[in-house]
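K.L.:
When you get a sec, could you give me coordinates for this:
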Amino acid sequence: MLIDIHCHLTGTEYDSVEEVLKRAKEHGVERMVCSGFDLDSSYIAAELASLYNEVYFCAGFHPSELAKYRDGDFDCLRALCTHEKCVAVGEIGLDYHWEDNPPKETQRAAFVRQMEIADALGLPVVIHSRDGAEETYEILREHQHLLTKGGLMHCYSYSPEMLLRFAELGLYFSFGGTSTFKNAKKVVASVECVPATRILSETDCPYLAPVPFRGVFPNEPKNVKYVVERLAEIRGVSVQTLEKQIETNAYALFPKLQ
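P.N.:
Next up, the predicted model:
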């Protein structure tokens, strides 16, 4: 079966989430992890997981959304993460791409605080990292004791050399639509070198639609099949072999998916 390990279904991009899920099932997608990016979206993700068997979720504050944080939100987040279908704390991490993002110190503190929540609850983390590879690695290495349940570098886009360093910390790596883009040489090199036991597939929908739908918005979980086909091509294995490997990896990182 196909798994979309990281998607966003909580916004207004879709007229009907039920129809999105129906199309995903028609394309062989049996599991989806809907990612929260702030407290409100995390609550909606939990609601969707409660409504639909195939939907699971993670809850967390994306680094770019920390301006929305209010006192006590992390306590609410921690309570939400005890939900039976919450598979991880996420997405959390660092984003240094936009000048108007929250200060680096704020991002770093929130990153570590949410790692602490994950550790206390026995959950892995889902990590967003943009333009901050080295500092993300250093924070994870310094706080490796909080990664007893592992973590996912979602939509991985750094170098293969960096990937191997992250892998030494026990992390997994998911690849999405960018792996199908013609000029995504660094992503392709990372797909080639990622250990077979650490590779996962995602759409990050509604963004980053893969070829042959590049530029189409909104992207949907059904399109993860095109990602898996491309990953299999890059790695020189059959689609069926990679599907099974991804399923095994997803269960290893997120046992609740089984």
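K.L.:
Report how many residues lie close to residue 23.
P.N.:
14 (other CB atoms under 10 Å). Heads up, the C-betas are built off the backbone N, CA and C, glycines and all.
K.L.:
Setting aside sequence neighbours, what's the nearest residue to it?
P.N.:
In space, and not counting its chain neighbours, residue 23 is closest to residue 222: 4.7 Å by CB to CB, 6 or more residues apart in numbering.
K.L.:
How about residue 148?
P.N.:
Distances taken as CB to CB, 6+ apart place residue 119 nearest to residue 148, at 6.4 Å, with adjacent residues excluded.
K.L.:
got the contact list for that neighbour?
P.N.:
By CB atoms under 8 Å, 6 or more residues apart in numbering, the contact list for residue 119 reads 145-149.
K.L.:
thinking again about what came up before, shouldn't the residue nearest to residue 23 be within a helix?
P.N.:
Yes - under DSSP: H, G, I helix; E, B strand; the rest coil, residue 222 sits within a helix.
K.L.:
any idea what residue 3 is structurally, helix, strand or coil?
P.N.:
Residue 3 ends up strand, using three-state DSSP.
K.L.:
that older thread, isn't the residue nearest to residue 23 right up against residue 32?
P.N.:
No - using CB atoms under 8 Å, residue 222 is not in contact with residue 32; the gap is 10.1 Å.
K.L.:
Kindly present the contacts of residue 119 as TSV, with separate columns for distance to residue 170 and secondary structure.
P.N.:
Output for the contacts of residue 119, formatted as TSV (distance: CB to CB, whole Å; DSSP: H, G, I helix; E, B strand; the rest coil):
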residue	distance to residue 170	secondary structure
145	12	helix
146	12	helix
147	6	coil
148	9	coil
149	9	coil
